[in-house]
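Colleague: Need a 3D model of the following:
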Amino acid sequence: MHILRSLLARWSQTQHKARHALEEDALKHILNCETLNHQPSLESLAGALEIPLGQAAGILERLASQERVQIRAGSFELTPLGREDALRILRAHRLWEHHLAEETRYAAHEWHSRADRIEHQLSKDQADELSARLGHPTHDPHGDPIPTAAGKLPSHAGRPIVDMEINTPLCIVHLEDEPAVTYAKLIGEGLHPGMIVQLSKVTQQRVQIYAGGKELSLLPTLAANIFVVPVPEAERAISVQGQRLSSLKSGQKGRVLGISPAARGPERRRLMDLGIIPGTIITAELHSPMGDPTAYRVRGALIALRLEQADLINIQPVAGE
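Modeller: Okay, here's the model as predicted:
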């Protein structure tokens with residue numbers, strides 16, 4: 001009997017945690033809708049939480065009874081208390097993503113799902129401590145603004161790249177990280193916040209973008225998840241220069257212009273420890289039979305870099321040095 005009571009207590013506790021997490025996810029969904037000037041609906045809530053409509057309706061009723069959501073004539077919105085809770089969860093999520101990007105070796109496509117699990121466990125004080133340790137970052141790795149401790153949520157100010165002018169230097173400020181499959185496709189193309197790109201062509205079938213020294217052809221629905229701002233006139237002359245280190249053929253040399261913002265935390269520090277800093281001359285010495293990795297000579301030393309590592313290094317080809 002004692003064992004049965006213990007099992008029931010654990011099951012009850014697990015159910016309570018799961019219900020609590022769903023309620024907080026619902027608050028976060030409503031906040032995201034408000035931020036995008038979209039009207040949340042029962043259908044959008046059920047879709048975001050991946051639950052039946054009836055269960056979503058039950059969550060709304062509980063949130064209303066807790067005075068965290070106000071329901072009127074079929075629509076609903078956050079109360080001041082609900083918005084405060086939603087911002088707290090969003091802050092914890094984006095701070096944890098920043099931690100994963102800067103202090104761990106988890107792949108970029110894992111950050112969002114891992115932060116989804118941790119966000120419900122971090123208290124406000126723990127989030128504040130994490131923010132201080134990270135240097136009070138203002139944006140997460142996807143370019144999303146991190147809510148402040150005071151509950152302010154700035155905007156990333158970007159516009160979908162499909163709405164911008166052709167052949168104009170643009171800076172990526174945000175890649176939409178939901179759904180996860182969309183984000184995985186974007187980073188798979190080598191795109192990242194801080195990257196300078198140009199819109200080459202837009203049709204109903206494809207969107208062509210020049211990025212990182214190569215032309216990308218994306219579906220319009222995928223490209224719509226890339227948010228950019230124009231590069232200021234004074235910076236345009238240098239913004240379009242450079243190409244990826246991986247573009248060098250054996251025997252060719254390049255001068256390092258910089259390391260991509262996509263290289264974060266331990267990976268970025270390792271590249272800098274190897275002497276890969278602006279001004280360094282790198283020579284492509286030997287490509288492996290399979291094309292990856294490639295041996296490069298850096299400051300007299302021969303190092304091997306995988307293709308995805310070489311793609312993070314921006315260079316200007318040089319001759320005769």
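Colleague: Could you give me the buried positions within stretch 185-199?
Modeller: 186-187, 189-193, 195-199 (16 or more other C-beta atoms under 10 Å). Every residue, glycine included, has its C-beta placed from N, CA and C.
Colleague: same question, stretch 162-170
Modeller: 162, 164, 169-170.
Colleague: which residues sit against stretch 54-74?
Modeller: By C-beta atoms under 8 Å, 6 or more residues apart in numbering, the list of residues contacting stretch 54-74 from outside reads 22-23, 26-27, 30, 42, 45-46, 49, 51, 76-79, 81-82, 85.
Colleague: follow-up on the earlier one: just the ones of the buried residues of stretch 185-199 in strands?
Modeller: Judged by DSSP state E, strands contain the following of these: 196-199.
Colleague: And those, which is closest to residue 115?
Modeller: Distance to residue 115, by C-beta to C-beta, is smallest for residue 197 among these, at 26.0 Å.
Colleague: Please give me every residue in contact with the nearest residue to residue 227 once chain neighbours are set aside.
Modeller: Nearest-residue entry for residue 227: residue 158, 3.2 Å, with adjacent residues in sequence omitted and distances by C-beta to C-beta, 6 or more residues apart in numbering. Contact partners of residue 158, counting by C-beta under 8 Å, 6+ apart, are 143, 172-174, 227-229.
Colleague: Next: residue 271.
Modeller: Taking C-beta under 8 Å, 6+ apart as the test, what residue 271 contacts is 259, 263, 309, 312-313.
Colleague: so can I have JSON lines of the contacts of residue 158 showing secondary structure?
Modeller: Output for these, formatted as JSON lines (DSSP: H, G, I helix; E, B strand; the rest coil):
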{"residue": "143", "secondary structure": "coil"}
{"residue": "172", "secondary structure": "strand"}
{"residue": "173", "secondary structure": "strand"}
{"residue": "174", "secondary structure": "strand"}
{"residue": "227", "secondary structure": "strand"}
{"residue": "228", "secondary structure": "strand"}
{"residue": "229", "secondary structure": "strand"}
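Colleague: Please parse this protein into its domains.
Modeller: 2-78, 159-239, 243-318 (automatic domain parsing).
Colleague: Weed out the non-buried ones from the contacts of residue 158.
Modeller: Counted by 16+ other C-beta under 10 Å, the contacts of residue 158 give 143, 172-174, 227-228 as buried.
Colleague: Closest to residue 127 out of the buried residues of stretch 162-170?
Modeller: Nearest to residue 127 out of the buried residues of stretch 162-170 is residue 170 (C-beta to C-beta; 32.5 Å).
Colleague: Give the bridge partners for the nearest residue in space to that closest one that is not next to it in sequence, please.
Modeller: Nearest residue to residue 170, sequence neighbours excluded (C-beta to C-beta, 6+ apart): residue 228, at 4.0 Å. Beta-bridge partners for residue 228, by DSSP bridges, are residue 159, residue 172.
Colleague: residues contacting residue 228?
Modeller: Residue 228 touches 158-161, 164, 170-173, 197, counting by C-beta under 8 Å, 6+ apart.
Colleague: quick one: what helix or strand has residue 286 in it?
Modeller: strand 281-287 (DSSP states H and E).
Colleague: Please, where are all the strands along the stretch 101-250 of the chain?
Modeller: 159-160, 169-175, 196-202, 207-211, 214-218, 226-230, 243-244 (DSSP state E, counting those that start in this stretch).
Colleague: Turn these into JSON lines, columns for mean pLDDT and distance to residue 152.
Modeller: Below are the strands of the stretch 101-250 of the chain laid out as JSON lines (pLDDT from 0 to 100; distance: least, C-beta to C-beta, whole Å):
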{"stretch": "strand 159-160", "mean pLDDT": "90", "distance to residue 152": "22"}
{"stretch": "strand 169-175", "mean pLDDT": "88", "distance to residue 152": "18"}
{"stretch": "strand 196-202", "mean pLDDT": "89", "distance to residue 152": "29"}
{"stretch": "strand 207-211", "mean pLDDT": "90", "distance to residue 152": "32"}
{"stretch": "strand 214-218", "mean pLDDT": "89", "distance to residue 152": "33"}
{"stretch": "strand 226-230", "mean pLDDT": "91", "distance to residue 152": "20"}
{"stretch": "strand 243-244", "mean pLDDT": "82", "distance to residue 152": "37"}
